[in-house]
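Chemist: Starting from these lines, generate the structure:
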Amino acid sequence: MSLLDAITFNDAGLVPAIAQDAATGRVLMMAWMNQEAFEHTLSTGFAHYYSRSRQKQWKKGESSGHVQKVIEMYLDCDGDTLLLKIEQTGPACHTNRESCFYKQHMDGEWTTIEEPMT
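Modeler: Below you'll find the model as predicted:
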């Protein structure tokens, strides 16, 4: 079975891809990949995703310079989620934070636990 054949894409042809900092283990973001994004990621060694809102491929950091070098890649037991252990340059989140997961449930509300990087 090929690498691509092992992946179960959803009805829209997408699979969730979780980006995790290879050094710290912190989850930085989740984005979607289609077949083309997966193939570009494999061929370049840098994370490529598919934007559902813009309906196009994108290389993480193509405009900001905040690229993700893929160190390791994993496929979950069902074949329907990818985990990319990456080396992040700059912030991962478009809000200029290290991680997109910067809101924590505390006392019945979402509390911002991380400010944007300067």
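
Chemist: outside of stretch 82-100, which residues touch it?
Modeler: 7, 15-23, 26-30, 33, 38, 41, 47, 60-61, 64-76, 102, 114-117 (CB atoms under 8 Å, 6 or more residues apart in numbering). In short, each C-beta sits where N, CA and C put it, glycine included.

Chemist: how does it look with 7 Å?
Modeler: 15, 17-22, 26-29, 33, 47, 61, 64-75, 114, 116-117 (CB atoms under 7 Å, 6 or more residues apart in numbering).

Chemist: Span of that stretch from start to end?
Modeler: 17 Å (CA to CA, to the nearest Å).

Chemist: before we move on, what about stretch 75-83?
Modeler: 6 Å.

Chemist: what comes up buried for it?
Modeler: Neighbour-count burial for stretch 75-83 flags Thr81, Leu82, Leu83 (criterion: 16 or more other CB atoms under 10 Å).

Chemist: Correct me if wrong: Ala6 contacts Gly79.
Modeler: Yes - in this structure Ala6 lies within contact range of Gly79 using CB atoms under 7 Å: 5.5 Å.

Chemist: Check this protein for me, the residue farthest from its geometric middle.
Modeler: Asp107 (28.9 Å; CA atoms, centre = their mean).

Chemist: Show me the strands in the chain, by range?
Modeler: 15-21, 27-33, 48-51, 56-59, 68-75, 82-88, 103-106, 109-112 (DSSP state E).

Chemist: As TSV, those with mean pLDDT and distance to Ser2 would be great.
Modeler: Listed next are those as TSV, based on pLDDT from 0 to 100; distance: least, CB to CB, whole Å:
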stretch	mean pLDDT	distance to Ser2
strand 15-21	98	15
strand 27-33	98	16
strand 48-51	98	18
strand 56-59	96	20
strand 68-75	98	12
strand 82-88	98	15
strand 103-106	97	38
strand 109-112	97	41
